[in-house]
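> curious how this folds, go ahead:
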Amino acid sequence: MTHLYKAAAAAVASIALIAGASAASAQSLGFNLAGQDVTATGQLIQNVDYPGVIQTTCDVSIYGTVAADGSKIVFSSYDGAKAPGDGGNLACSESLKFPITVTASAANQINMDDFDVGTRGGPCRELNYKLAYSGNTATFSGQPFGYQGLCNASGGLTLTADSNGAAVNIVTLP
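Residues are numbered from 1 along each chain as shown. Here you go, the predicted structure:
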């Protein structure tokens with residue numbers, strides 16, 4: 001019995017060591033430029049499947065800060081205007097709700113915790129809204145979201161540091 005007990009104890013210890021090594025090697029993702037102010041600039045194209053609402057292309061600058069530990073970006077305000085020649089009728093300067101917290105979930109994907117766009121037809125809201133992220137550009141997929149999938153957003157935003165224009169990249173945090 002003693003031999004079986006020692007073998008079982010050795011097996012449990014081995015499993016614990018493997019589990020501990022796996023936990024230690026599991027690292028979280030975040031962003032470089034920790035603690036810096038950043039801006040996401042580009043075009044956000046809004047559309048709502050609601051009578052009388054026409055797709056609107058907005059040129060936007062969204063302002064935020066990378067957390068001191070690099071774990072997230074919190075966006076708190078923005079400027080937006082209709083793209084030249086756009087005939088849409090959705091608001092470009094007051095439709096986004098803040099704060100918007102962004103985290104990295106993969107080397108090529110970011111998540112917005114709460115993407116909330118206000119429209120005359122009601123809010124277009126999605127929790128954990130996923131965007132492709134390549135280089136330092138977030139791309140909206142155009143897939144339906146919000147109440148009964150009546151809303152969609154497409155376009156791309158480039159994230160850079162306000163101080164020197166450096167790219168905001170996804171990194172492995174220590």
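
> what about the strands in this protein?
For the chain, the strands defined by DSSP state E cover 29-31, 37-48, 56-66, 73-82, 100-106, 109-119, 122-134, 137-141, 151-161, 170-172.

> quick one: strands adjacent to the fourth one?
This means strand 73-82. Sheet pairing for strand 73-82, assigned by DSSP bridges, gives strand 56-66 (antiparallel), strand 100-106 (antiparallel).

> so which of those strands is the most packed in?
Among the strands paired with strand 73-82, strand 56-66 has the highest mean neighbour count (mean count of other CB atoms under 10 Å), at a mean of 20. Every C-beta, even on glycine, is put in place using the N, C-alpha and C of the backbone.

> and that strand, how far out from the chain middle?
Computed by CA atoms, centre = their mean, to the nearest Å, the chain-centroid distance of strand 56-66 equals 13 Å.

> how far off strand 151-161 does it point, in degrees?
Note on geometry: by axes from the mean of the first three to the mean of the last three CA atoms, to 10 degrees, strand 56-66 and strand 151-161 are set 40 degrees apart in direction.

> specify the angle between strand 56-66 and strand 37-48 in degrees.
Strand 56-66 runs at 150 degrees relative to strand 37-48, counting by the same axes, to 10 degrees.

> and the strands paired with strand 73-82 as JSON lines, adding distance to I73?
Shown next, in JSON lines, are the strands paired with strand 73-82 (distance: least, CB to CB, whole Å):
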{"stretch": "strand 56-66", "distance to I73": "5"}
{"stretch": "strand 100-106", "distance to I73": "4"}
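
> quick one: which of these is nearest A166?
Proximity to A166 (CB to CB) singles out strand 56-66 among these, at 11.1 Å.

> quick one: end-to-end length of stretch 82-101, please.
The straight-line separation of the ends of stretch 82-101 (CA to CA, to the nearest Å) is 24 Å.

> ok, and what's touching it?
For stretch 82-101, the surrounding residues in contact (CB atoms under 8 Å, 6 or more residues apart in numbering) are 43, 46, 48, 52-60, 62, 64, 72-81, 112-119, 123.
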